[in-house]
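[1] got a predicted structure plus its sequence, pasted below:
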Amino acid sequence: MSSAPDPSKGSLKGRLLVLGIASLLVFAVYAGHLFNLQIVENLIWEGKARDVARRSEVLPAQRGLIWDRNGDKPLALNIDSFAIQIIPAEISPSNPQELAEKLAPVLKMKSQSILDALPTNWRNSWNPVEIKNGVDYGTVVALAEASEDYPGLVWSSKPYRWYNSIGSISHLLGYVGNITAEELQLLYNEGYENTASLGKSGVERAYDGILRGTDGQSYRTVDVKGKELSDGGVIPPKNGLDIVLTIDRRIQTLAEKALGPRKGAMVVLKPATGEILAMVSYPSYDPNRFAEPGPGNFGALSLNTDFPFLNRAIQSGYAPASTFKLIMTAAILGENAIDPDIEVNCTGSMTLGNREFKCWKRSGHGLVDLEEALENSCNIYFGTVGVEELGIDVIAKYARAFGLGSPTGVALEGEVGGIVPGKTWKEEVYHSPWTGGDTLNASVGQGFLTVTPLQMANVLAGIANNGKIYRPRILKEVRDSVSGDLVERTEPELLRSIEYLEEEDYDYLQNAMRGVITEGTGEYVIYTDSVEIAGKTGTGEVGSEDRWHDWFVAYGPWKAENPEDQVVVVSIAEASENYDYWSPKATDLVFEGIFGGKTYEEVVAEWRSRRVWWSWDTIDLPYPGHPFQRPAPENEDEEE
Amino acid sequence: MNVDRQRSTTFLRLDIVLILSVVGLMALGIAFIYSSGVTSDGIQVSGEWVRQIIWSSTGLLLMAAFAMIDYRRWKQWVIPLYGIGILLLILVLVTGNYVKGARAWLGIGSVGVQPSEFMKLASILMLAWWFEERGRGIDGLRVWIGAFVITLIPMGLILLQPDLGTAIVYIPILFAMAFCAGVRWNLLLFPLLAGILMILGTLGYAWSEYITIAPSGFFRLFTEKRMISVALPSLLILTILALLGRWFFQRRSFSALAYIFGVLSTAYAGVMGAAKVLKGYQMMRLVVFLDPQTDPRGAGWNIIQSVTAIGSGGAFGKGYLQGTQSHYRYLPEQSTDFIFSILAEETGFVGSLFVFTLFAIIILRSLYIAYTAKDTFGSYTAVGIAAMMSFHVMQNIGMAIGVMPITGIPLFFLSYGGSSLWMALMCMGLLLSIHYRRHKI
């Protein structure tokens, strides 16, 4: 039936040709596409093929340690801690039950929780499963020595930052945390990555670049299940460098305990070099316990109305009060405003315009010259001379010469500069003209004037050094973390030198300050026998409220053969009620501790036996450092 | 060489080029099935390549047997063969084993067969017989509808398994055979246009349903009952009105209108059906084809890994057994659906072109055999085989290089699997038989 020749053979040929050409076209298009994939875009796909199989792992750099100047015990260190992991597929030919039962007692956990961590298809799973972290070094060593007994067990180092006997030094050291989006924007160009952790405040922040080092990386090739196929090489991490602070741990503790649980600050500084030996701010915090619930938790601390994160030594401006009379004395001497021997009669009050101005001694000091006025802190003398002879421009000139009104430039975040008021300043800020009353207030360190405790320490340093002020610093040395070799040592940096005063002016000032201790306002509060100090008291009013800032600034020995021996101590207590006038006592304790080579407890014990008049028993013994770890003391000072 | 002249001519009358291409592809297939079983440690973990050798050699015997049988004998067997095939497809739906979500396998002992593979050959023969039987000057609507029904029955049964990839192969077979059998272009075009519109509509529907956050209101036409109850009847009424107009006024313009509305309503019904019938994962495959990155870890994984493997092969490949994507097991289904990817990764552009050439030779040879065949049954059979081969190659390689959606259909001669290899070799045997008998009466 099909033997007849097909009539449409010709048209069949055409149609077959169409089909043939169509299929050839498809092949051509595919060949073109393949050419594009395999020849043109080859490098892209090769890269993707490599990427998909390549895993990189960060080898974290060890953060440098932070030491105090004694260099015997680190203040901040990294605690070795390990995460224990199991590569499930490597358990065979053993079985998970067996492994879990052997492992559980070593890791002090239940064998069931090890089994729960393993995936059901453990035979085929090459991705490590973490079963415990925070495991200490000793346990890991024990596991490593018997590694044949634990098939599939691996561990990785996960060190965490720990601050030793943290106390009040937390403000100085600061703490580390994970980088935020805002920080990343600023620091991206410096090589920070979005998983970086970095110093958030204090030394950790200021010297983050030195401490952090550079992370390394290890590459390996894995198959689709995560099984390692080849080692792709390692870029070793560069560990961070160690930092040695100028802080003396002994003095820091001494000052911390001397200040006790009083809101305020203490600064101990070496005037000859600008090295800060101690810096205390109360209340402080404990970064080791940020994560724990309770009042020491980071969130709770942030909301605390006592502002524990505030480093009062550099971040708070206080009225300098009578301590400003040191600047006034310098101005009188430098300007030869009046003969220091001319006496002013203090009747206990004076009148300026329609305002009555009182001396702290209501009965009056009688006839006082400059030295007596400073020793007894006579407001009438300095008010009269300030208004009648100096004027605000001269006062401000000397205040600025001693470094008030501008930050000292210590390498810590958030330092404030304080305020040195003037005529234009008041116009700009208050839109009202400068008055004689303003000058009177400034003359006794009140009114618009504010200074930080560190600035006051610098003023003292300037007086003790005959006009030379070094930049306060906390970094003493940078050392290699492994070898301990010195990498860098910071040198004293002259911050300013005061040109308006002669040698004999400084002698006069130092003498007068010694007089404050021997026959002035400090006479009955300073008991130390170990060193002859010179200083100045100050009691600051804050606005119209009944709040007192209680200052004591001093240096000693007041006459030193070797300026290196001299130490400046500045103390301020935001005191009230039974803590009034604590600062001289705290300062006294610190000097006795430093120069007598005693601890706080030893000083207290000795002075108790000497029956020093101020009773230790009227108040609870101070809780040093951060108060939020224990029940709050009953009479913790509160703002009124 | 002193060779028996008679034997030599007999031998030469076999299509040597076709046989060499087929054997060459099978050898490559075994080599790369072997490669696919090698792990990253260089250990062969799969016995697939041994089984493929067994299937290849038995398949070659089958091919020889089919070459020796006079292809015209099949004419008297087409109806029983087709009937048995349909029965098997029904059987597989009832008792078949589930493999990868589809009931496509009939278990006989430990060996499984896929009736749908062999049904393709039975359908080709059935269609060739149908077109030849109604052959003279076929342009009639009834012949076309008959061929359509012959195709749609197995197609529908396979769709029920559900195996979209295998079902779709019937479409190019039907159209290529009908085209060569001289079915009028407007008849061919009607389902073609409706089909294209349907596919576009389904893709758009899948996109708006699974990807876009704000689905386009347009596609509610296919899912909301209220919309359907208005849209579908109105399209149908328009079609009927146009047909009535044609009948009353005897104007050709009305038949054009009827044609257009007919296409539209068919496509509409089709998209509606697809939206109902297609499973979530099938929709996802369509969508993933449009944009593999929508689901890089899930359905998009295959396409991305395959294209990465191929692209990273470069001009000359990474070398036999040296592929990384394949041996690190990133490439899925390496021995079956994605055999071309491992080949292209390890032999590069050059190797891929070589495979293209072999397939092109086979397809062009089939068309040539269709041309030289003694009768139309032979011609149509060869065209059907050529269409099936082309579609498989186009679909499978297109999927591997990322220009076609993923449908798990094998690449003949290369992919691991007995059913499809045997079926392909039977087809080759048929072609050889047609070729061998081209000069006989």
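    Received it, and whenever you're ready, just let me know what you need.

[2] only C-alpha atoms from now on, for both contacts and neighbour counts.
    OK.

[3] quick one: the helix or strand where residue B:25 lies near chain A?
    When elements are assigned from DSSP states H and E, residue B:25 belongs to helix B:16-36. No. Applying Cα under 8 Å from any Cα of the partner chain, one finds helix B:16-36 separated from chain A by no less than 14.3 Å.

[4] in that helix, what counts as buried?
    Applying a neighbour-count criterion of 16 or more other Cα atoms under 10 Å in any protein chain shown, one finds B:18-19, B:21-23, B:25-36 buried in helix B:16-36.

[5] what residues are bridge-paired with residue A:497?
    Here residue A:497 sits in beta bridges with residue A:468, going by DSSP bridges.

[6] what's the local residue count around it?
    Other residues near residue A:497 come to 16 when the count uses other Cα atoms under 10 Å in any protein chain shown.

[7] and residue A:538, by the same measure?
    As a burial measure, residue A:538 scores 26 neighbours (other Cα under 10 Å).

[8] so what does the helix or strand containing it touch, helix or strand wise?
    Assigned by DSSP H and E, residue A:538 falls within strand A:534-541. When contacts are defined as 3 or more Cα pairs under 8 Å, 6 or more residues apart in numbering or on different chains; DSSP states H and E, strand A:534-541 packs onto helix A:503-519, strand A:548-556.

[9] what's the angle between the first one and strand A:548-556?
    Angular relation of helix A:503-519 and strand A:548-556 on a 0 to 180 degree scale: 120 degrees, by axes from the mean of the first three to the mean of the last three Cα atoms, to 10 degrees.

[10] which positions in chain B make contact with chain A?
    Counting by Cα under 8 Å from any Cα, the residues of chain B near chain A are B:40-41, B:176, B:179-182, B:307-315, B:324-325, B:328-330, B:348-349, B:353, B:356, B:360, B:363-364, B:367, B:370-371, B:375-376, B:390, B:394, B:398, B:401, B:441.

[11] if I read this right, residue A:285 contacts residue A:173, doesn't it?
    No. In this structure, residue A:285 sits apart from residue A:173 without contact. The criterion is Cα atoms under 8 Å, and the distance is 11.0 Å.

[12] smallest gap between the stretch 401-550 of chain A and chain B, at which residue?
    Distance from chain B to each residue of the stretch 401-550 of chain A (Cα to the nearest Cα) is smallest for residue A:482, at 40.3 Å.

[13] export whichever strand or helix holds residue A:437 as PDB, just CAs?
    Using DSSP H and E, residue A:437 maps to helix A:436-443. Taking Å, rounded to 0.1, in the frame of the first residue of the first chain, the C-alpha atoms of helix A:436-443 are listed here in PDB:
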ATOM      1  CA  GLY A 436      31.500  94.000  88.900                       C
ATOM      2  CA  GLY A 437      29.600  91.300  90.800                       C
ATOM      3  CA  ASP A 438      30.700  88.800  88.100                       C
ATOM      4  CA  THR A 439      34.300  89.800  88.600                       C
ATOM      5  CA  LEU A 440      33.900  89.400  92.400                       C
ATOM      6  CA  ASN A 441      32.400  85.900  91.900                       C
ATOM      7  CA  ALA A 442      35.300  85.000  89.600                       C
ATOM      8  CA  SER A 443      37.800  86.300  92.100                       C
END
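
[14] model confidence over that helix, on average?
    The predicted model assigns helix A:436-443 a mean pLDDT of 90.

[15] likewise for stretch A:289-305?
    pLDDT averaged over stretch A:289-305 gives 81.

[16] spit out the contact partners of residue A:233.
    A:218, A:219, A:220 (Cα atoms under 8 Å, 6 or more residues apart in numbering or on different chains).

[17] the residue of the stretch 251-400 of chain A found nearest chain B: what secondary structure?
    Closest approach between the stretch 251-400 of chain A and chain B, counting by Cα to the nearest Cα: residue A:291, at 36.0 Å. Using DSSP: H, G, I helix; E, B strand; the rest coil, the secondary structure recorded for residue A:291 is coil.

[18] in this structure it contacts residue A:299, no?
    No. In this structure, residue A:291 is not within contact of residue A:299 by Cα under 8 Å, at 9.0 Å.

[19] which neighbouring elements make contact with the host helix or strand of residue A:20?
    Taking DSSP H and E as the definition, one finds residue A:20 inside helix A:9-35. Helix A:9-35 makes packing contacts with helix B:164-180, helix B:339-372, helix B:376-400 when contacts are defined by 3+ Cα pairs under 8 Å, 6+ apart.

[20] from those, which stretch is densest packed?
    helix B:376-400 (a mean of 26; mean count of other Cα atoms under 10 Å in any protein chain shown).

[21] chain center to the very next helix or strand once past that one, what's the gap?
    Following helix B:376-400 in sequence order, the next helix or strand is helix B:418-436 (DSSP H and E). From the chain centre to the centre of helix B:418-436 is a distance of 16 Å (Cα atoms, centre = their mean, to the nearest Å).
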